[in-house]
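> Provide a 3D model corresponding to the input given below.
(3 chains)
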Amino acid sequence: MLRLPSFQLVRAESVDDAARALANESDTRIVAGGTDLWPNMKRRHQKASTVVSLANVAELRGVKDTGGEIRIGAMTTLTDIHDSELVLAEQPAVARAVRSISSPVLRNMGTIGGNLCLDTRCTYYNQNEEWRQSINYCMKEQGETCWVAPNSPRCWAISASDSAPALCAIGARVRLVSTDGERTIPLPELYHDDGIDYLAKRPDEILVEVIVPKAGVAKTSFWKLRRRASIDFAVLTVAPAITVDASNTVTDAHIYMGAVGSFPIRVHESEKALLGKPFDAETIAEAARVARKDGTPLNNTDFIPQWRSRMIERYMEAALREAAGLEVDRLAPRHGFGE
Amino acid sequence: MSNTTTLTLRINDEDVTVAFPTHHTLLEVLREECRLTGTKHGCELGECGTCTVLVDGKPMLSCLVLAAEMDGHEIRTVEGMMIGNTLHPLQQAFADLGAAQCGYCTPGILMAAEALLEANPDPTREQIQEALAGNLCRCTGYIKILEAVEWAAATQRGEDTPPAKESIYGSPHAATKGE
Amino acid sequence: MGKTKTPKAEAPLSDAASEAPSEGSTDKKNVASDRPLNLIGKPFRRVDGRAKVTGQTKFADDLHFPRTVHMKLVRSTVPHAEIVSIDTTEAAGMPGVLGFLTGDDMPNTFGILPVSQDEHALCVGKVRFVGDPVVAVAALTEDQAHEAALKVKVEYNDLTTIASVEQAASTPEPRIHDYGDTGNIHKQVSMSFGDLDAGFAEADEIFEDIYYFEGNTHLPMEQHASIAFTEDDGRVTIYSSTQTPHYLHRSLAKVLELPASRIRVIACPNGGGFGGKSDPFNHEICAAKMALKLGRPVKIALTREEVFYCHRGRHPVLMKTRTGFKKDGRMTAQHLQTALDGGAYGSYGVASTYYTGALQTVTYDLPKYRFDSIRAFTNKPPCGPKRGHGTPQPRAAFETHLDKAAHRLGIDPADIRLNNLVPPDSVTANYLKVGSIGLGDCIEAVVKGSGWRERYGKLPEGRGLGLACGSYLCGAGLPIYWNFMPQSGVQIKLDRSGGVAVFCGETEIGQGSDSVLAACVAEILGIDLQDIRLCVADTDLTPVDLGSYSSRVTLMVGNAAVQAAERAREIIAKAAGEKLDVPPSRLAFSEHRVFDIEDDERSMSFVEAVQAAEAKFGTLGTTGSYIPPRSPGRYRGAGVGPSPAYSYSAAVVEVEVDPQTGIYQVEHVWMAHDVGKCINPALVMGQIEGSVYMGLGEAMMEEQVFRRLPKKRSNALVHKHPSLLEYKSPTFHEMPPVTSYIIEDPDPNGPFGAKEVGQGPLLPMPPAVANAIFDAVGVRVDQVPIGPHHVLEALERKAKGKEGRVGPNKFPDYDFGVPLNVPTVAEGGDGKATNQETAGVRKGIGTMKDREEAVGKGGQ
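Prediction:
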């Protein structure tokens, strides 16, 4: 049986408690739902001598309607989010993204804070200690080479969070707390384009809350590609939020892709192709055609990168067409959205 | 040396006081300290659903839960399913239909199915598939499991609807004897 | 009285039983009994069902004994290297550490086949793949053992990494093993049955196709585990998740250098096997050795990653099939070439090599047949037997080849198969004796069920149907090591309580072997399953059964059980007949009674009858044994392929393909399987559905593949994804609805006419999916698994005016050695090769008389 290495467990009762523990101890990590940290620690590619658990911090749980916005506590489980009528009514694409994560049993444990801070993934990295030893480790952990791109100076591990692109597209913000105070940043600013240093959150900061705008006029959607309709991480996600005026001309476009880079990628090329144009099949086809320029699928997850790259156009087109209310005429694989 | 935690866990409606290394998961403590080996493991990484137990009525992966954080929670394992000496309708259906072949994924699937039926006494086949989609099985091809959950749900609703003849004998065909 | 009581089976299902389509079947070939059957053929709760749904079943890792310590194996982190040094100093100082083993502690080799005794319990001198075990560490806890294992330092001197068959063929040195046919080619086979040139000369058309079947693994949900302890003086006991306790027993005796009589192997119920637990494994031998060293129970429970290293799964096989056809679709000759990537050890590989050719002949008549094969050693986990052992790969190649031929010849793919069926009770070109064959009925059932005649070739673009067939053994005709002893033995103990204890070495791996054993005995003695206590898979207490592999258990254990039970019935009938004043031959056993078939008022209870027998004959016990009939082949290699009976399957698969992405979904499967006779239809259905599932997994996604890092930077060759997340197996969502048809064509060699069902229905699935994709979008993906990217690539090639096909284009020019020439029966052959002196002959086959005598002795 694969087991956890030993560590000190700090069971925080409040955010302050947790922030203090993070400030005072070195070599510390936060655990929320445990569905990312525990496997990573069992495989020993994430290490910690002290783990601060947020499980008992009641203030971090729940979906609140604050009038203008929805505030989701970082420890709210993924199940509670996709089952929230408020989230479903206001931001159905977010609900769909969250419902698409892994499997029902895992969503009962995984939290939104954890999913947003999900460690970047790579098939050279998410392996047992002994396996990583046999490739002399990789750049992300102990080694020197990024085996996906051996001449690369950077790590290309993948951002595999499903909630991140969906929440980025609709303009969500996150609140970070430490003993030094707190700050609220737009979600896209939480991420760096780097497989190792992928979070702008400092190690002593706790992501405590996701602030989700209520449904504006934007038309949203969420599409996800993966091998199996359950358990698997995405190899591509597409999350558009498109605003059109009375004449159906696109006035604002926020489109993010996940799992084809080390952070949720804003698809500028597609946005440019849409802005100022009618939100119709023709514009969408063009926006989809150029989407590929922004993604960099590499050979470090399931499926060959060439095909994933091709799928960017297909999935972008499907997601945009769905957002535009157009018929999506191709076979949609079973996504496990449970809709 | 690792830290030790001593706790009273509430398992299958009984209080059990156990001491264990703090970094041990609920899976390890159930199997090793409590000797409740009905809960199995297939990966210990949250990838197969084999170790599913109920925590406060919700299916969770016991391989990714620290036992040290389980105070104040109600834990249910496959050992708590029988009612006296009578099998739970799910157990009965799984045993009779052969929904348990090697039986290794069975406890986890029973747990997930029990939670489903608790929340939804009359699930559609798609809802059952979705509820169990985090549990891998290599023997059955899942079909007998779906049929067993449907049968058990019907039994729990007080309906007498055994599985279709075709699911036990196969579909009739030209070479069927006596036709 | 006597017939008033209905056996108390599981009520809801026994109601359904009375309406069974199979009910009332009185086939004259139904050999074991001409009486109506009480239990056989009806659904009953499997005898281990209750334990499995309550958590009561004890798998190996569920066992615990006082003072148990835990063991971990330090595995090689390099693919191919000499071991320079092993340093356990730091590890020895870690908390809780109790001891170490290295290769020097166990110098004797072992292996499942006598011809490839090439494994050490721990590597001696060199390592051959990433994952090869080098050191065993025991500590008080598994945590401690793991921490210590991480501190063991092994220094290696790297050797050339050999990553593929082609590289192995072109790199004779350094040799991965110092044995084998040549260089890094473990095995070469070449056999020609009949005048091949004449066969091809008769053909109107000759077609040739190249096909690749990627390797994949069993992925049982239970990770292998063992617990060993010493007891008494000089005895060691091991409980293990093994499908073959008998072979483990032999390997332990060899490596531990102990008499087998002092070693006890108990196979726990396996949490899934599929062939992956049928070799003796390093960890099992190390656990026993460590127990002998420490004098404490030693447990090892493998991680999922280690299970991928144990492997012994499906060989990756490249194949070239060349077949001559008459215009009407009849086949005149076939030449099949296969190349297997064997991985780092022999395992069952020699048998696997032969199996990639042996069963091509048992479905469709191939009057002339040549088969060439090589198996290479490479620096990867060893391949071996997975569900279908060596046959799904050539079957996929053959069934897609046949589909193409049907199109080229303008014949319906169903008809080309129906027109070529092997006749029942015939001998194939390679001297396999085919008895019953329900393949025609299987094809008719799925053709009718799927609406094939109305729908095939006529569905809208993107929707398609594909048909394929298969066949499998009901147990290998020969044991793994040559001997004259039974392949299966059963003992029955009866006493005045009326309880019946049945002892048999068979191993329950989920397939229902316990239930088959109990049902055969209960049927013949006319008692309930609940009156039977089984004692199985214990080398101290149970007569030998060779294990749960090659789909042998239902037929072989079943026949042994029937023999033992019939002998018990005979004894009881003698005593009861005396009491009732009825000739024993007139007594029937049913519903717990023994009664006169001519006057059922003259009866006594089963318990009374047993008491009468115990009083008359003393303590009661009987035995039964089974040895398969001998096959007519006398050539070298004739030992692989013969079976007492062959099961047959046919499938139609319906797919929906998205031509813009290549993504496809299997919408429905129709599967018909010729099982001879159902022992328990509910379990037969479960085996069919499970085989469909696993076949679909192989067709669509499962692959055991490796990463070779850039050679300039690294020698590494690692498993690409040794995890349940990244090794893709279908979830609930990927499993389509299945319509199953059970074809019952009782085989005279099967108990009650029963044949196998555990493996056969897997075989048609990969080619049926491929053929359906062709019907849907007109492209061929000539490799397995078929990913959406393959489909899209083939579609794009077609759109550019190229061949709408993805797959291998070339079969390398391998040296297969001198072909063995075996004239067919039609050519007047006697099963022997004409050039056996030059090409070699198998020694020590023994005569049928020897074998019959052995059966007789075994049964007394």
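> Show the contacting residues for the residue nearest to A:Ser84 when sequence neighbours are not counted.
Once flanking residues are discounted, A:Ser84 sits nearest to A:Val63: 4.5 Å by C-beta to C-beta, 6 or more residues apart in numbering or on different chains. Any C-beta I mention is one placed from the backbone N, CA and C, and that applies to glycine too. By C-beta atoms under 8 Å, 6 or more residues apart in numbering or on different chains, the contact list for A:Val63 reads A:70-73, A:76, A:80-81, A:84, A:86-87.
> do the same with C:Asn419
Counting by C-beta under 8 Å, 6+ apart, C:Asn419 has contacts C:328-330, C:411.
> Only whichever of those are buried, select them in PyMOL.
Under the burial definition 16 or more other C-beta atoms under 10 Å in any protein chain shown, those of the contacts of C:Asn419 that qualify are selected in PyMOL by:
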select buried, chain C and resi 329+330+411
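> Following element in sequence after the helix or strand containing C:Tyr741, please.
C:Tyr741 is part of strand C:738-743, with elements assigned from DSSP states H and E. Per DSSP H and E, the first helix or strand lying C-terminal to strand C:738-743 is helix C:765-777.
> Relative to the whole chain's centre, how far out is that next one?
Computed by C-alpha atoms, centre = their mean, to the nearest Å, the chain-centroid distance of helix C:765-777 equals 25 Å.
> can that helix be found next to chain A?
No - using C-beta under 8 Å from any C-beta of the partner chain, helix C:765-777 stays clear of chain A, with a minimum separation of 10.7 Å.
> which residues sit against the helix or strand just after that helix?
Following helix C:765-777 in sequence order, the next helix or strand is strand C:780-781 (DSSP H and E). Contact partners of strand C:780-781, identified using C-beta under 8 Å, 6+ apart, comprise C:400, C:404, C:770, C:773-774, C:790-791, C:794, C:804-807.
> Kindly recompute the last result at 7 Å.
C:770, C:773-774, C:790-791, C:794, C:804-807 (C-beta atoms under 7 Å, 6 or more residues apart in numbering or on different chains).
> same deal with stretch B:29-40?
With C-beta under 7 Å, 6+ apart as the criterion, stretch B:29-40 contacts B:11, B:16, B:18, B:20, B:27, B:50-51, B:53, B:62, B:67, B:77-79, B:104, B:107-108, C:55, C:62, C:271.
> switch to 8 Å and redo it
Contacts with stretch B:29-40, where a contact means C-beta under 8 Å, 6+ apart, come from B:9, B:11, B:16, B:18-20, B:24, B:27, B:41, B:50-51, B:53, B:62, B:67, B:75, B:77-79, B:104-105, B:107-108, C:54-56, C:58-59, C:61-62, C:64, C:221-222, C:271.
> where does C:Val124 land in three-state SS?
Classification of C:Val124 using DSSP: H, G, I helix; E, B strand; the rest coil returns coil.
> neighbours of the single nearest residue of chain B relative to chain C, just the number please.
Chain C sits closest to B:Gly38 of chain B, with a gap of 2.0 Å, by C-beta to the nearest C-beta. Neighbours of B:Gly38 under the rule other C-beta atoms under 10 Å in any protein chain shown: 26.
> Are we agreed that it is in a helix?
No - going by three-state DSSP, the assignment for B:Gly38 is coil, not a helix.
> measure it to chain A for me?
Distance, B:Gly38 to chain A, by C-beta to the nearest C-beta, to the nearest Å: 16 Å.
> Phi first, then psi, for the nearest residue to that residue once chain neighbours are set aside.
Nearest residue to B:Gly38, sequence neighbours excluded (C-beta to C-beta, 6+ apart): C:Gly55, at 2.0 Å. Main-chain torsions, C:Gly55, degrees, to the nearest 10: phi 80, psi 10.
> Farthest from the middle of chain C: give me that residue.
Centroid-distance maximum for chain C: C:Asp581 at 48.9 Å, with C-alpha atoms, centre = their mean.
> need the strands for chain B, in chain order.
Secondary structure of chain B (DSSP state E): strands at B:4-11, B:14-21, B:52-55, B:58-61, B:74-76.
> Going by contacts, tell me the helices and strands next to the last one.
This points to strand B:74-76. Contacts defined by 3 or more C-beta pairs under 8 Å, 6 or more residues apart in numbering or on different chains; DSSP states H and E place strand B:74-76 against strand B:4-11, strand B:52-55.
> of all those, which lies closest to A:Val105?
Closest of those to A:Val105 is strand B:52-55, at 5.5 Å (criterion: C-beta to C-beta).
> can you pull up the bridge partners for the residue nearest to A:Ser84?
Note on A:Val63: beta-bridge partners A:Ile72, judged by DSSP bridges.
> per-residue confidence averaged over stretch C:548-561?
For stretch C:548-561, mean pLDDT is 97.
> Do it and chain B come into contact?
No - counting by C-beta under 8 Å from any C-beta, chain B is not contacted by stretch C:548-561; separation bottoms out at 11.0 Å.
> Return the residues in contact with C:Leu792.
Contacts of C:Leu792 (C-beta under 8 Å, 6+ apart): A:307, A:310, C:661-662.
> Can you tell me which of those residues has the most neighbours?
Most neighbours among those, by other C-beta under 10 Å: C:Gly662, with 27 neighbours.
> still on that earlier bit, pick the most deeply packed of the helices and strands packed on strand B:74-76.
Mean neighbour count, computed with mean count of other C-beta atoms under 10 Å in any protein chain shown, is highest for strand B:52-55 among the helices and strands packed on strand B:74-76, reaching a mean of 26.
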